[in-house]
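>>> need a 3D model of the following:
(2 chains)
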Amino acid sequence: MTVADGVLDRGARLGFDLAKAAGIGSIALGVLAFWVALPPVAVRSAAVPAVLGLGGILAGVSSWRLGHTRLGWTGVCIAILGLLAGILASRAAVGNLEVVITWGALTAATLRYATPLVFASIGGLFSERSGVVNIGLEGMMLMGAFFGIYGADQTDSWIAGILIGMAAGAALALVHAFFSIHMRADQIVSGTAINFLALGLTGYLYIDQYGTEGTGDVPAVPDVHLGFLARIPPDGLGKYLDRAFGQLNLMIWLALATVVLAYIVIFKTTIGLRIRSVGEHPRAADTVGISVYATRYGAVTTSGALAALGGVYLSIGFVHSFTENMTAGRGFIALAALIFGKWRPFGALGAALLFGFASAVAPRLENVEAWATYGTLFQTLPYILTLIAVAGVIGRSIPPAAIGRPYEKQ
Amino acid sequence: MVAPTKSNNEEAPTTLTSRLSLYERAGGVLTPLVTTLLAFLVAGLVILVSTGKNPLPVYRGILDGTGLPWLLHWLVDVRVIGGTQDLYPTEADAVAVSAISLQQTLILTGSLILTALAVAFAFRCGLFNIGGQGQYLVGVIVAVAIGSELTGVPRGVHVLLALFCAGLAAAVWAGIAGLLRATVGAHEVITTIMLNWIAYWVGSYLFSIGGPLQSDTQKSVPISNDIQDSAKLHVLWGGVQGLHAGFLIALAALVVFWLVIDRTTLGYRVRAVGANPEAARYGGINVPRSYFLAMAISGAFAGLAGAIDILGWQYRFSQLDIQGSDIGFAGIAVALLGRNKPLGILFSALLFGALLTGTSTRNLNPDIFDPELAGNLTLIIQGLVVLFVGADVLVAWLWRARRKVRA
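Next up, the predicted model:
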């Protein structure tokens, strides 16, 4: 402990956060451990990723001991993953690897899987920061998914599809808001009901409108082509950037912009201050003249519209069709991302990217012989990490103080 | 139930238990009945608006699909109740079909009773267990594993062992959430949601092609082996997929629930913690221990539900079944409508069991109404019931009305 303190002191004197650096280093080493085993480097000895991964684990642990608990443990997790994946990849045939795991494609896939989670968890952020638990995110996403494609189909415009989807999500959120704010109902019960309702309603309307034939051809949200990325030197980097970011859907960029916007709104504006104060201490907020009800209504409705965007992306941005219950639990992963990200926009983004990575890697693992059956098991990662996070092992996630409690005006 | 003080009476109910005691005073059995009628009315409107059909014949068709008319077949021709004179030439045919439908309804009722008890027991301790689905899956997985992998065990022993282990495993699974609540205060709603999805994916892995529990004979299908004959529950009524002894287990569980909650020290502690954890702690009750035990017992109920489904009629489980299964979630609606009381749960489980069976593709006559639409209608009704009863809107309304009358 004294050694650690000494190191920390010296670091502080140099104006340099050693703990943070160690944490970031551990993440970098973990990624590197995996990367060296892949083309173009394609190291064929298991020792290299092993050494790099172990270095990463050490760096992570030291970051943890020096005080950056969450960052340190994230580093340790990534280093362990990188070590295992790196050793495995180094033992597989190179030709096979190029087909199975190409970094650019993996990055793009991660972003594709993360996008619905980003939208929904930012949505959840608004609601929960204002003190209203939202486990109805799943249902709101589903509304967005159906009404997004339905709207696009009816109006023959994807822009209208996005707007109609958002409106549908907001409408369902309004029901949740009414019951949790005005009726002072239990917010968990209300959220559960919202999920049942959305599942039944969208399934009913889908069968009623489209029967079993499916939605057919509907206008889709376009991809954004960034051709210049491929020309960035050196050649390998350009190729990677092109594969990863050159042809992403417009809504993926929109999701990233939403995170930045949410950060600004929540932490840099008066509206954000109101939302946060209502979520932390509604009585105090009320005393200084902030309308608790209005603020919560606004936040919950925004939450529904944003979660619906995640659903819209799924239906007309990603798979271009609708199936009953197509969100398949993504609303709950988004909730997990929100908690794992400690109710912060960039934290939620990071968690969504990590969970998106887990989803992107899982099907690819099925092509690697040694891992064929474990791909499915890999999908549990987001939930296990969240469980560990709420248990407080890696820096406790603490919710807004007034969350889940109805407020009564006096 | 702890009697609320005078000043508490003036406050709007904010905690789970203050609501629960409110249930006792406002409305009685009336609220769930009115809510159910309201939900059916809304669903009827949905039918009318979307398809232009008269909802009454549709509900009649659903009622026919539930098999409930069979109960009256000694008195009336079931074809008259179901309106199926054109469908079945003789009454005997109609009665036979009706009997099979009723067996399905009761099978589902049994499972729903158990998953609802899983919600109700935790609820009485002030915990919201929405992990019933995951605990149910854990029960399914263990029942499949013991039922199919274990050989050469006498029949009674095999069945009991499978039931016991499934219940125990699910109790441990739910106990994780209880333990986290008890030790570090992690909210059980979050942890049980996470545990649901972990169970979902672990199950998907176990039954996947090449997975540990995947069939030895059908190598290309993600399905488990069939369970041994020695692990199958006795069929009480009917033939293949008839009503099995699991239904009796569910009924027994209702009695056990009542005994434990109302007649034991453990139940008293659970209710005291549910009523007011601070007061319970002050009174010398070990609150964390109660949280853990309440969750574990809840989990055991849900695990048993999974076990009786496997040992009673499904005999095997597949990846597809995991995706399609929602009995654990339906248990939330059943428990809320039944107000977390044994008798209430019995009736609301019968209602939802009948509704789910009556709207299934297998039982609803497609000429009357598209079963796929009807299945979604059931979800809408479920949602409305949870919204109105669970969110106790009607209760609050009645409460205010009563106070006005008194004043």
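
>>> low-confidence ranges, the chain, go.
All of this refers to chain A. Counting by pLDDT under 70, chain A shows low-confidence ranges at A:1-16, A:39-40, A:91-102, A:233-237, A:366-373, A:393-397, A:410.

>>> wait, chain B
Counting by pLDDT under 70, chain B shows low-confidence ranges at B:1-28, B:390-407.

>>> what about the strands in it?
B:235-237, B:243-244 (DSSP state E).

>>> show me what counts as buried in the first one.
Spelled out, it's strand B:235-237. Within strand B:235-237, the residues scored as buried using 16 or more other C-beta atoms under 10 Å in any protein chain shown are B:V235. (Glycine included, C-beta is placed from N, CA and C.)

>>> tell me what that strand is packed against?
Under the contact criterion of 3 or more C-beta pairs under 8 Å, 6 or more residues apart in numbering or on different chains; DSSP states H and E, strand B:235-237 touches strand B:243-244.

>>> same question, the last one
Judged by 3+ C-beta pairs under 8 Å, 6+ apart, strand B:243-244 is in contact with helix B:91-124, strand B:235-237.

>>> just name the most buried of those.
Mean neighbour count, computed with mean count of other C-beta atoms under 10 Å in any protein chain shown, is highest for helix B:91-124 among the helices and strands packed on strand B:243-244, reaching a mean of 25.

>>> state the number of residues packed around B:G156.
Residues near B:G156, counting by other C-beta atoms under 10 Å in any protein chain shown, number 10.

>>> hmm, back to that, redo the helices and strands packed on strand B:243-244 as JSON lines? Include distance to A:A145.
Shown next, in JSON lines, are those (distance: least, C-beta to C-beta, whole Å):
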{"stretch": "helix B:91-124", "distance to A:A145": "27"}
{"stretch": "strand B:235-237", "distance to A:A145": "42"}
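
>>> between those, which one is closest to B:V255.
Comparison of those against B:V255 by C-beta to C-beta identifies helix B:91-124 as nearest, at 10.9 Å.

>>> report whether that closest one contacts chain A.
No. Legend: contact between helix B:91-124 and chain A by C-beta under 8 Å from any C-beta of the partner chain is lacking; minimum distance shown is 10.2 Å.

>>> who touches A:G279 in this structure?
When contacts are counted by C-beta atoms under 8 Å, 6 or more residues apart in numbering or on different chains, A:G279 is found next to A:E128, A:R129, A:S130, A:G131, A:P400, A:A401, A:A402, A:I403.

>>> now a PyMOL select for only the buried ones of these.
Buried members of these, defined by 16+ other C-beta under 10 Å, are picked up in PyMOL with:
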select buried, chain A and resi 128+129+130+131+400+402+403
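
>>> please tell me how far the most centrally placed residue in chain A sits from chain B.
By C-alpha atoms, centre = their mean, chain A has its centre lying nearest to A:A352, at 1.9 Å. Going from A:A352 to chain B by C-beta to the nearest C-beta, to the nearest Å gives 16 Å.

>>> and the strands of chain B as JSON lines, adding distance to A:R65?
JSON lines is the format used below for the strands of chain B (distance: least, C-beta to C-beta, whole Å):
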{"stretch": "strand B:235-237", "distance to A:R65": "62"}
{"stretch": "strand B:243-244", "distance to A:R65": "57"}
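
>>> between those strands, which one is closest to A:R243.
Among the strands of chain B, strand B:243-244 comes nearest to A:R243, with 55.5 Å by C-beta to C-beta.

>>> what lines up beside that closest one in the sheet?
Applying DSSP bridges, strand B:243-244 is found paired with strand B:235-237 (antiparallel).

>>> any idea how far the strand it pairs with is from the chain center?
Strand B:235-237 has its C-alpha centroid displaced from the chain centroid by 21 Å (C-alpha atoms, centre = their mean, to the nearest Å).

>>> cheers, nothing more for now.
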